[in-house]
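Colleague: Build me a structure from this.
(chains A and B)
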Amino acid sequence: MFKRIVVANDGSDGGFRALALACDIAKEHKAKLHMISVEELPNFPASIDEIVETKTEENHRFHDVLEKAHAVAKAKNVKLDAAVVAGHAVAAIVARVKELKADLLVVGFMGHSALYERIIGGTADRLVRLAPCPVLVVK
Amino acid sequence: MIDNLWLASALWIGLALASALISIRLALSVALIEIMVGALGGNLIGLPLTPWVNYLAGFGAILLTFLAGAEVDMDVVRRNIGASVGIGFVSFLFPYLGCMLAARYLLGWDWPQAQIAGISLSTTSVAVVYAVMVETGLNKTELGKIILAACFITDLGTVLALGIVFAHFSAWLLAFAAATAVAVWILPKFAPWFFARFGRRVSEPEIKLLLLVLFALGGFATAVGSEAVLPAYLVGMALAPAFQRDPELPHRMRVIAFSVLTPFYFLKAGSLVEATVLVSGAALIALFLAMKMATKFVGILPLTRYYRFENREGMYTTLLMSTGLTFGSISALYGLTNNIIDQRQYTILLTAVIGSAVVPTVIAQKWFLPKIAAEKQEV
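Modeller: Predicted coordinates for the structure are as follows:
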């Protein structure tokens, strides 16, 4: 039924639970599996340094996340296409889903930080509303 | 509490720490949070502005400006000299004139006050622009490089205006200009040699050399009624190529600046905001913000057409060039510190500056994002 699955992984426990389940679904449906992780940069910074240093730290953090994710996928015998993008989590994930024309988005329940998400709702809540395909929220 | 040096220090650093933690939690700029925390502290508990706080804040502003100058990529400016100088100069000149004339003739501010309004709102925030471009992947495109180079030119215009407009024209000013020119000419050759010969030691001779130059030229500048940030920005620009070849030294200076100096500057900038004026002066804040954005549009949008930007890219560029934060706040605080503007006018200008960091960015990202794929990387 599913041909192309996107899983969003922020490196949290919830993100990896989502990845594990996405691997199982991809294997069962013989679907292509894509993972997206989003580096959140500070909004309205006062210096370029803030951006460069945050991005460097995020790169290091997501390096480990990608290694762990590939290990999870390999253990489940699933091929994983993983990418890290900079930006706002919701906008970047929705854009990736549209770009790939994915027919399922899998996300973890936890993992958000930005102010607007606090006010408007969590990442998963907003993805359920904004994604153009079915969304599976993993608890 | 004010008389107890260490308790007062603990209060300021405590606020700086709280700002850092809030900024990490909310994914917002630490500078913006420090201004807000400073405003809360100033209005709720009356933060003590002692001479040593003013010294650290002033030192922070000098170092912040120096490091901003050191971020200028001269190769990018040279490669895109026509478009970047054209857009950058207009991006400074139009809001400077527009906001100054609005303050003078619509609000009846006197000329020096109107000058501060014009200078504070002429700025473009290189950092806000850069952040948005990294998120969109534009920083790796020719368009992104032109926009970034134009931002540097705009900031240069703002710093030059702040340094020259209020200077006393005398023989000493010529001597200051000559000293700055000599430093800018000699340092790109002398500093790399000095860094190689004496650098990378615990005593940090290279940082001491740079601080010596910044303090000496800053002292010279203030003696002639100019502003210490002017030579700091120019010296930073002169050393930018050397710093970009060896980024370790500016990194160490950033650690010093952002841990113990710039928090005092931004907290102080916020503490001088009058909460009541945010309500009573809301219309004026909106007027200045609208005037800044309108004049940026009148100046920059036609130029983007001239340089054959697509419609959407032109709007996006114009909106990004309408942002401002660091130099706007430095200019407004300069006006207040030198008794050119009063605290009410300062509050209005600083709030308009902060608004200009937020409003154009949100509009640009929401409705005018160019159709460029977000940066994708395999880490």
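Colleague: check contacts around B:Ser84.
Modeller: B:Val76, B:Val77, B:Ile146, B:Ala149, B:Ala150, B:Phe152, B:Ile153 (CB atoms under 8 Å, 6 or more residues apart in numbering or on different chains). C-beta: built from backbone N, CA, C; applies to glycine.
Colleague: contacting residues around whichever residue of chain A sits closest to chain B?
Modeller: Nearest residue of chain A to chain B (CB to the nearest CB) works out as A:Ala46 at 3.2 Å. A:Ala46 makes contact with B:Ser29, B:Val30, B:Ala31, B:Leu32, B:Leu64, B:Ser125, B:Ala127, B:Thr262, B:Phe266, B:Leu325, B:Thr326 under the criterion CB under 8 Å, 6+ apart.
Colleague: Scan the contacts of B:Ser84 and report the most crowded one.
Modeller: Neighbour counts for the contacts of B:Ser84, by other CB atoms under 10 Å in any protein chain shown, peak at B:Ala150, which reaches 30 neighbours.
Colleague: Assumed that residue was part of a helix.
Modeller: Yes: counting by DSSP: H, G, I helix; E, B strand; the rest coil, one finds B:Ala150 located in a helix.
Colleague: What's the separation between it and chain A?
Modeller: As defined by CB to the nearest CB, to the nearest Å, B:Ala150 lies at a distance of 15 Å from chain A.
Colleague: check contacts around that residue.
Modeller: So B:Ala150 contacts B:Ala83, B:Ser84, B:Val85, B:Gly86, B:Ile87, B:Gly88, B:Ser91, B:Thr124, B:Met321 (CB under 8 Å, 6+ apart).
Colleague: which helix of chain A spans the most residues?
Modeller: Secondary structure of chain A read by DSSP state H shows that its longest helix is helix A:48-75.
Colleague: Where does pLDDT dip in chain A?
Modeller: A:110-121 (pLDDT under 70).
Colleague: ok, which stretches of it are helices?
Modeller: A:13-29, A:48-75, A:89-100, A:115-120, A:123-130.
Colleague: would a markdown table of these with distance to chain B and mean neighbour count be doable?
Modeller: Putting the helices of chain A into a markdown table (distance: least, CB to the nearest CB, whole Å; neighbours: other CB atoms under 10 Å in any protein chain shown) gives the following:
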| stretch | distance to chain B | mean neighbour count |
| --- | --- | --- |
| helix A:13-29 | 16 | 19 |
| helix A:48-75 | 5 | 17 |
| helix A:89-100 | 6 | 21 |
| helix A:115-120 | 4 | 14 |
| helix A:123-130 | 12 | 18 |
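Colleague: Out of those helices, flag the one nearest B:Arg200.
Modeller: With distances scored as CB to CB, the stretch of the helices of chain A nearest to B:Arg200 is helix A:48-75 (20.7 Å).
Colleague: helices or strands up against the closest one?
Modeller: If you count contacts as 3 or more CB pairs under 8 Å, 6 or more residues apart in numbering or on different chains; DSSP states H and E, helix A:48-75 packs onto helix A:13-29, strand A:32-39, strand A:80-86, helix B:126-136.
Colleague: Any chance of the ones you listed in a markdown table with distance to B:Ala102 as columns?
Modeller: Below are the helices and strands packed on helix A:48-75 laid out as a markdown table (distance: least, CB to CB, whole Å):
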| stretch | distance to B:Ala102 |
| --- | --- |
| helix A:13-29 | 50 |
| strand A:32-39 | 40 |
| strand A:80-86 | 37 |
| helix B:126-136 | 23 |
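Colleague: Which among those is found nearest to B:Ala240?
Modeller: The nearest among the helices and strands packed on helix A:48-75, by CB to CB, is helix B:126-136 at 12.5 Å.
Colleague: Export only the CA atoms of that closest one, formatted as PDB.
Modeller: Taking C-alpha atoms only, helix B:126-136 is exported to PDB below (Å, rounded to 0.1, in the frame of the first residue of the first chain):
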ATOM      1  CA  VAL B 126      23.600  40.800   8.500                       C
ATOM      2  CA  ALA B 127      23.000  38.100  11.100                       C
ATOM      3  CA  VAL B 128      19.200  37.900  10.600                       C
ATOM      4  CA  VAL B 129      19.800  37.800   6.800                       C
ATOM      5  CA  TYR B 130      22.500  35.200   7.100                       C
ATOM      6  CA  ALA B 131      20.300  32.900   9.300                       C
ATOM      7  CA  VAL B 132      17.400  33.000   6.800                       C
ATOM      8  CA  MET B 133      19.800  32.300   4.000                       C
ATOM      9  CA  VAL B 134      21.300  29.300   5.700                       C
ATOM     10  CA  GLU B 135      17.800  27.900   6.200                       C
ATOM     11  CA  THR B 136      16.900  28.400   2.600                       C
END
